[in-house]
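J.: model the structure of this input:
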Amino acid sequence: MKMRSYYIGELTWPDVKEFLTAHNVAIVPVGSCEQHGPHLPIDTDAYDAFWLSLKAAEKAQCALVAPPIYYGVSSHHIDFPGTITLSPHSLEQIAYEVASSLTKHGFKKILFENGHGGNTPALEAAAQRIKADTNALVAVDTVSLIPDFIEKYIETPYDAHAGEFETSTTLANREEFVVKERIKKTKIKLPESKYIKIGLKETGPRVSWSFRTKEISETGVIGDPTKASKEKGELAWNLAIERLADLLAELDRMKF
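T.: The predicted structure follows:
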C-alpha cells in the first residue's frame, strides 16, 4: 500500500486508519542516549534503529514506523558524560504501553527494532506482557538479521560498542557526524576467562556478565574502530534493509 510516509509521526489519524484497512504491522524503533566513544554521536543506537526502520518500511510498504523510544538501559555507560539511562523496569513499561496503544487501533504484529543490546532483556519482558494481554505477535530484532555479514566482514572478535561495526555503519549513513581524527585503537581490559566474553563475533561457551564500560575501556570503545570502513557499512545497511523489509513482508502475510 503506497503511502506518502511510513512514519506515523508524519501522518494524520485518517491516514493511519486507512493503512489499517490493508495492513496491521508496526515497527517500534528503540535505541539509547549513551556514549559511543570519542568519535561517534551519543544518539547512534536510536538514530540507526529509526533510520533502518524507515528504510525497510519504505521498501516493504506494509508496515508503519512508530516514533522511536530514544532512551534505553545504559547504566553501564553512565561514567561518560552525555549518557542518559532508564531502568530496565522503566523501558519495559514504556515499550509495553507504546505497543499496547498500537494494538488498540488494530496493529496485530509489533516489531521492536532495537539498536542497543542493553535493552534486550527489558524488551523481551515487555513482549511477553504484550502477548499475554493483547495476543499480538511481538518480535524483537537486535542486529539479528545479518550474522553472516558480521562473520564475513567484521575482523574484531571483541567488537561490541563503537568499534569496527558501528563506526562502519555510521560512516555509511551519516559520515559528517564521525569525528575521524579521534578514531584510535583502544586497549580492552577483559577478565582472563574462557567463559566471560564480549562482542559480536566471539563463539563457544559463554555466560552473561555485568560490567561498567569504564572498567574495561578508558575511551568507552569496545572493539577496533580503525578497522572500520564506509564500504563495510554500506554493505551492512543494504543487507539489513533488505532482510528487515523481507521480515516485514513475512509478518504482513501471516494470518494472525
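J.: got a list of what the residue nearest in space to the middle of the chain touches?
T.: Against the mean C-alpha coordinate of the chain, by Cα atoms, centre = their mean, the closest residue is residue 115 at 1.5 Å. Contacts for residue 115 were tallied using Cβ atoms under 8 Å, 6 or more residues apart in numbering; they are 29-32, 44-49, 52, 142-143. (Each C-beta comes from the backbone N, C-alpha and C, glycine too.)
J.: the same query, at a cut-off of 6 Å, please.
T.: Taking Cβ atoms under 6 Å, 6 or more residues apart in numbering as the criterion, residue 115 is in contact with 31, 45, 48-49.
J.: same check on residue 222?
T.: 160-161.
J.: how about it: which residues does it bridge to?
T.: Note on residue 222: beta-bridge partners residue 161, judged by DSSP bridges.
J.: now the helix or strand in which residue 127 is found: buried residues?
T.: Using DSSP states H and E, residue 127 maps to helix 120-134. By 16 or more other Cβ atoms under 10 Å, the buried positions in helix 120-134 come out as 120, 122-127, 129-130, 134.
J.: likewise for stretch 231-248?
T.: Quick answer for stretch 231-248 (16+ other Cβ under 10 Å): 232-233, 235-237, 240-245, 247-248.
J.: with pLDDT, distance to residue 81 and secondary structure added, can I get the residues you listed in TSV?
T.: Formatted as TSV, the buried residues of stretch 231-248 follow (pLDDT from 0 to 100; distance: Cβ to Cβ, whole Å; DSSP: H, G, I helix; E, B strand; the rest coil):
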residue	pLDDT	distance to residue 81	secondary structure
232	98	29	helix
233	98	26	helix
235	98	33	helix
236	98	29	helix
237	98	29	helix
240	98	30	helix
241	98	33	helix
242	98	37	helix
243	98	35	helix
244	98	33	helix
245	98	37	helix
247	98	36	helix
248	98	37	helix
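J.: in the stretch 151-256 of the chain, where is pLDDT below threshold?
T.: 200-201 (pLDDT under 70).
J.: would you map the strands across the stretch 101-250 of the chain?
T.: 109-114, 137-141 (DSSP state E, counting those that start in this stretch).
J.: and the longest one, what does it pack onto?
T.: Here strand 109-114 is seen to pack against strand 25-30, strand 137-141 when contacts are counted using 3 or more Cβ pairs under 6 Å, 6 or more residues apart in numbering; DSSP states H and E.
J.: export it as PDB, just CAs?
T.: Coordinates of each C-alpha in strand 109-114 appear next as PDB, following Å, rounded to 0.1, in the frame of the first residue of the first chain:
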ATOM      1  CA  LYS A 109       2.000  -7.500  14.800                       C
ATOM      2  CA  ILE A 110       4.600  -5.400  16.600                       C
ATOM      3  CA  LEU A 111       8.400  -5.500  15.900                       C
ATOM      4  CA  PHE A 112      10.700  -3.800  18.300                       C
ATOM      5  CA  GLU A 113      13.700  -2.800  16.100                       C
ATOM      6  CA  ASN A 114      16.300  -2.500  18.900                       C
END
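J.: neighbouring strands of it in the sheet, and parallel or not?
T.: Strand pairing (DSSP bridges) places strand 109-114 next to strand 25-30 (parallel), strand 137-141 (parallel).
J.: name the residues that touch the shortest one?
T.: Applying Cβ under 6 Å, 6+ apart, the external contacts of strand 137-141 come out as 109-114, 123-124, 127, 130-131, 256.
J.: what's the closest of these to residue 213?
T.: Closest approach to residue 213 among the contacts of strand 137-141 (Cβ to Cβ): residue 114, at 18.6 Å.
J.: wait, residue 130 sits on residue 99?
T.: Yes - contact criterion Cβ atoms under 6 Å: residue 130 and residue 99 qualify, at 4.9 Å.
J.: where do the contact lists of those two overlap?
T.: By Cβ under 6 Å, 6+ apart, no residue touches both residue 130 and residue 99.
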